[in-house]
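> Show me the folded form of this:
(chains A, B and C)
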Amino acid sequence: MSMLKTLLPSFALLRSRWLGCPLALMLTSTWALAQDKRWGPGEPASDYGDRFYDLFWLITILVSVAFALVVVLLVIPVLRDRARPGHRASFDHGKSLHDKRLTAIISIVTFIVLDAWVLVIAMKDLREAYWAIPDAKDPQTYRVEVLAQQWAWNFRATGVDGEFGTADDILTINELVVPLNRPVSFNMTSKDVIHALFLPEMRLKRDVNPGAINEAWFKPIKEGDFTILCAELCGFAHYQMYGKLVVLEQGQFNEWEAEASRLASTAFDADDTEAHWAWDWQE
Amino acid sequence: MSSDHIHPEPTTFLRKHVFSTDHKVIAKQFLWFGLIWLGIGGIMAMMLRWQLANPGVPVPLLGGLLFPRTGGVIDPASYNTLFTMHGTIMIFLGLTPAMIGALGNWCIPLMIGARDMIFPTLNMLSFWAMFAGGAVGFYSLFVPLGATEAGWTGYPTLSTTVGGVGQGETLWAIAVFLIGASSIMGGINYITTVIRLRAPGMSWMRLPLTVWGLFLTSILNVLFVPVIGSAMILLVLDRVFGTSFYVPASIMSGGTGGDPILYQHLFWIFGHPEVYILILPAWGVVCDLLSFFARKPAFGYRTSVGSMVVITVLSAVVYGHHMFTTGLSAMLGESFMLLTMIISVPAEVLFFNWLHTLWKGSLRLTTPMLFAMSVIFVFGLGGLTGIYLATIGTDIFLHDTYFVVGHFHLTMAASALFGTFGAVYFWFPKMFGRMMSEKLGKWHFWLSFVPLVIVFCIMFISGYAGMPRRYYDHTSVEYLRPLQHLNVATSVAAFLLGAAQLIFVFNFIKSRWWGKPAPQNPWDVGTLDWTIETPVPHYNFKTIPVVQCGPHEFSNPVLGPDTDWIYQTEKLPD
Amino acid sequence: MRGISWQGLAVAFGALGLLTSLQTSDDDNPHARAPRGVSLVVTEGAYLRAPGADWFAERAKAEPGRFTHDATLAGGIGGWVDAKGEYWFVEMEEGEWVYNQWASPERLTAGRRDFVQFCSSCHGLEGDGYGRSAQHLRPTPRSFQQNKFKFTKVIADLPSDEALLAVIRRGLAGTPMLPWDLSDVQLLDIIQYIKSLSPEESGWRDVYSQVGDAIEVTEDPWVDIKERAIVRGREVYHGAASCHLCHPGYVTNEELRVIRKDPEGTTYRENLTYPALKDSEYEVLGRATKVMPPDFTWHQLRAGITTADLFQTIASGIKGTAMPQWKGALPDEDLWALAHYVEDLIVSYKDQRPERSAFMGGLRTSGDNR
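Numbering: from 1, shown residues only, chains lettered A, B, ... in the order given. As a prediction, this is how the structure comes out:
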């Protein structure tokens, strides 16, 4: 940083259009490279997050082997079979029974290795995780209604009474607080355009469509502050539609929930009906 | 049957060069049109990369001219316009005319031994509909509030008046509709021409694979472009006449209004085949070029054709994989996942055939050959990464991140573009009667290929690290700030890639007017287009040729030791 | 033109016309009005109020050559044109400044376009606060027909361009009002347009309105003695300023009695450690909304949390709400002390969950303060 500061007085120079731009590029790259770098999405913080990792690396291994094969078979002829005087290509239409058998075998192997293998694991993941939306009646399930808009996330939790549409509903904008180790279930819709709730550390992404309610869930297994992003183009401030996800362990969460509920009831204006947007939970 | 297919040579300038019905002139029109738009789209891409690497820094050279109100900085709305128009332009106004319009018009009649397309006037209309689409798209950049900002996918309700009330989006829809009309006209023409005007002896299994690729593409065009046409009409009705096909009546319950998801279905029913619309001609060209320059028959001709047909059919039933996060039911999601995965099998057969064609060949590493071989590499990379996106488990994280951007650029943009480059280098001598510079061509190839692979491979990393696409400034989010070094690296490689295209422009223009005059058959290839003299006369063939053998009889032992090829009009010695 | 049926065309056009007339009207919900026939052109310029004579004199001194006098302006009354041709200042009588600014139609058109593009999703296409994305949203987005702004840190009736620019650039934390990445040219055009939305004879179009810059940040007298500032601030907060009437009191009843020097047995409002919901002047659908004064240990503050920001906000008050202007009512020294105290509350307890529950819990469990 101190080095950067010594560079700052020359900023007027950088502003000049001709000299400034190439210099700015270099400066930005230096600045960017000086930051903490990251090469992956970070450790998963939800119970099914590992499934993404496992599947991703499995596919990566399979795909790398396949691609390496392609490259080798591409490079060998280039090195070995270049046109030169006296060299003649072998004549082969690939019509023989042998060739047809080879094609068939490779197709079957491809299907089993690249497709079926991945498919089986993916199906298992889907049924055990993504589509196993927790039972909303289970008191363990923490339910959140999400109302997206250009360009903010409105969250509504039930508060201590466990019911939506009451005075103690906890309303937050761009900040969501959830308990640790309890499934969090979403009902989501949008006021205007399509958004997508993207919790990168939780490996969760789901579109938020106007006119319909979409469901999603995750179960946080790590405490701390995480990221909420929008992953569907929603207008020019799409990139600014981010928020904070806070995961608290149960004791702290209960305290937070009680206080937030109490403050919410204080702020509740019963006559201002236009402000009450909760809906009946949908499953 | 072709002998009576004759219309007199035009004499006026207008009929000869502008409103021409000659397929060769139309092919050149499409080529120039496509290349110019590729240039415009490319400049837009450069500006996007500039903004991503240097958020909020004025764009050099062009900035002050294009964004006077912000002192040369791309503002967030202009950024959205840029990537939307970049996508639209590259797909509809760049690759479609350059690949399908130019290549189809040039190759189909010449390669099947016809004197022109079967519907010459429709052919002309196809170009001018495309031109009108381009004009409307270009005009939309200058209306108040600017051109569309809703992404090239134009998802409602962002693309309806809920997202913006300017005319840009409406004009965009009209432009896409016009371009679609052009594609349908071209498609009908190509299909009918291939079916009806093949020279005697040109059986289906003697067609060059380029023609097969273009033929299958045309089928997809005719079947699926009308779908996006209807989607665009509904969008225009919603925007201009206040209907609500896509706008839900109530944001909470849905009620009796429309449904934005309807559009997504319509769009992707077209959108996924569109990927194959762009890639199938490239595959056909690659199949042919590999055989031509490896001096070997295309290995497994029938299985190659079969795989292309299977992919054509499958492409119609896999579109749901674009909508895994939209909220598809479990049953639909799993079905689409399975169907998508199955595509890897015919694709693998093609790869097998390509690599087998090269094996034990006698490789002439000319520029068209290099581009054809790079398609194997680039499409391999792009196709294999498709498996991540076909699998719902990984797609949920990777959807709408830079991983997707890298994937589709490699598969449909880079492969189709490199296929086009290969085709241009290959057919340039016949088209313009002059050779392109091989030396510059090889510089162009290597300086395009290496940065291109770097650009899109880094995108895989940034996508895997969770960087969402269509963000104006990734440094504004704490989670994404540590990924900025990837953005900078991508941009540097992208600028190299952009600069390399200047070599092509220089080579193309220089060779067009001042290049070495081309011999009749510079590549020693036997297909029908090379049997006629250069420049190609108005009627292509004085007498309609009679085809005696397949297109790929290279190195056939029966030809004797002195030559390794034979014209398709010649009979193989016994 | 064989083959084209003109009757058929006529029927088609008729059908289109019918379709147009059939479109569902959603006029009863102002948030979802069909955005048809939206004009993107402003044909008339507007006379607007700008900051007064002193401001003008200062600018003229700071930028010599910016203004030129033109005696023919406004029917011979005369005034000054600035280098951009946008402002002109008319002298009515000796030293009295009336309409200080003229926004040209071209400039308003540019502002209108940017407004529609960037602001209308919340503030509405006509700037009335009924954007589609504003439904159910509290606090509600400003209606620019009301000419009242909460966080401009201005004492005068209306904020100057610079004050508005600062709000838009900074955004309002914790609301969908983002810090906008637009250029000054765009933002100033939008601001002129917003000002021109004042109804006739009110707001910026009222010659008697006062327009001012954000309140000046005076010298912080407590800069080296923060601890004393915090102690003093706590006294002012619960004493002279009586902030605890709306905001939470951060003391027990016992302590409050001591600070306020009230007699034994005095009782204070219930739920002293919670904020109290207050009326505001900001209306939605013909109904004034209520606003919640923030609990500094819990809620996010909109207009910045540095000591200087807090000083400005406290000194200037928040227009249209129960938060009065404290400048003049309390000496600057006390305002700074308050700012330090509030900053300390934020730094010590906001998002510091264990510390906060220990602190607030301690207040609530003691004595009669449950």
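
> Residues of chain C that sit close to chain A?
Counting by CB under 8 Å from any CB of the partner chain, the residues of chain C close to chain A are C:117-118, C:121-122, C:132-133, C:135-138, C:174-176, C:178-180, C:271, C:274-277, C:284-285, C:287, C:289-290, C:292, C:295, C:298, C:353-354, C:357, C:360. Where C-beta positions appear, they are placed from N, C-alpha and C, glycine not excepted.

> Just the ones of these in helices?
Assigned to helices by DSSP state H, the following of these qualify: C:S121, C:C122, C:R353, C:P354, C:S357, C:M360.

> any idea which of those residues is closest to chain B?
C:S121 (8.3 Å; CB to the nearest CB).

> pLDDT wise, what is the closest one at?
You'll see C:S121 listed with a pLDDT of 91.

> Close to chain B as well: tell me which of the residues of chain C next to chain A qualify.
C:Q117, C:F118, C:R132, C:Q135.

> As CSV, these with neighbour count, distance to B:W50 and pLDDT would be great.
Listed next are these as CSV, based on neighbours: other CB atoms under 10 Å in any protein chain shown; distance: CB to CB, whole Å; pLDDT from 0 to 100:
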residue, neighbour count, distance to B:W50, pLDDT
C:Q117, 25, 22, 91
C:F118, 22, 22, 92
C:R132, 26, 33, 87
C:Q135, 23, 38, 88
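
> Closest to B:T84 out of the residues you listed?
C:Q117 (14.3 Å; CB to CB).

> Name the nearest residue to the closest one, ignoring sequence neighbours.
B:L145 (5.3 Å; CB to CB, 6 or more residues apart in numbering or on different chains).

> how about the one you found, secondary structure?
Here B:L145 takes the coil state, with states given by DSSP: H, G, I helix; E, B strand; the rest coil.

> so it makes contact with B:E169?
No. With contact defined as CB atoms under 8 Å, B:L145 does not reach B:E169; the gap is 9.2 Å.

> Of the two, which one has the most company?
B:E169 (29 against 19; other CB atoms under 10 Å in any protein chain shown).

> that older thread, could you flag which of the residues of chain C next to chain A are buried?
When the residues of chain C next to chain A are checked for burial by 16 or more other CB atoms under 10 Å in any protein chain shown, the buried set is C:117-118, C:121-122, C:132-133, C:135-138, C:174-176, C:178, C:180, C:274-277, C:284, C:289-290, C:292, C:295, C:298, C:353, C:357, C:360.

> now B:G498: how far from C:L310?
49 Å (CB to CB, to the nearest Å).

> Please identify which of the two sits among more neighbours.
Counted by other CB under 10 Å, B:G498 and C:L310 do not tie: C:L310 has more neighbours, with 23 against 18.

> how about that one, phi and psi?
The phi and psi torsions at C:L310 (degrees, to the nearest 10) take the values phi -60, psi -40.

> Contacts only, for it.
For C:L310, the contact set (CB atoms under 8 Å, 6 or more residues apart in numbering or on different chains) comprises C:L301, C:G304, C:L338, C:A339, C:V342, C:E343.

> element containing the residue nearest to B:K16 when sequence neighbours are not counted, please.
Nearest residue to B:K16, sequence neighbours excluded (CB to CB, 6+ apart): B:P10, at 4.7 Å. If you go by DSSP states H and E, B:P10 is not part of any helix or strand.

> neighbours around B:P10, how many?
The burial count for B:P10: 16, using other CB under 10 Å.

> Could you tell me the per-residue confidence at it?
On the pLDDT scale, B:P10 gets 82.

> what sits against it?
Contacts for B:P10 (CB under 8 Å, 6+ apart) come out as B:K16, B:S20, B:T21, B:D22.

> pLDDT on stretch C:269-284, on average?
For stretch C:269-284, mean pLDDT rounds to 90.

> hey, C-alpha coordinates of it in CSV?
C-alpha atoms of stretch C:269-284 as CSV (Å, rounded to 0.1, in the frame of the first residue of the first chain):
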residue,chain,number,x,y,z
ARG,C,269,-41.6,6.1,28.4
GLU,C,270,-42.2,2.4,28.3
ASN,C,271,-39.7,0.3,26.4
LEU,C,272,-37.1,3.0,27.0
THR,C,273,-34.4,0.9,25.4
TYR,C,274,-36.3,0.5,22.1
PRO,C,275,-37.0,3.1,19.5
ALA,C,276,-40.5,4.6,19.2
LEU,C,277,-42.3,4.6,15.9
LYS,C,278,-42.8,8.1,14.6
ASP,C,279,-45.0,9.9,12.0
SER,C,280,-43.4,11.3,8.9
GLU,C,281,-44.5,13.5,6.1
TYR,C,282,-43.8,11.1,3.4
GLU,C,283,-46.9,9.7,1.8
VAL,C,284,-47.8,6.6,-0.1
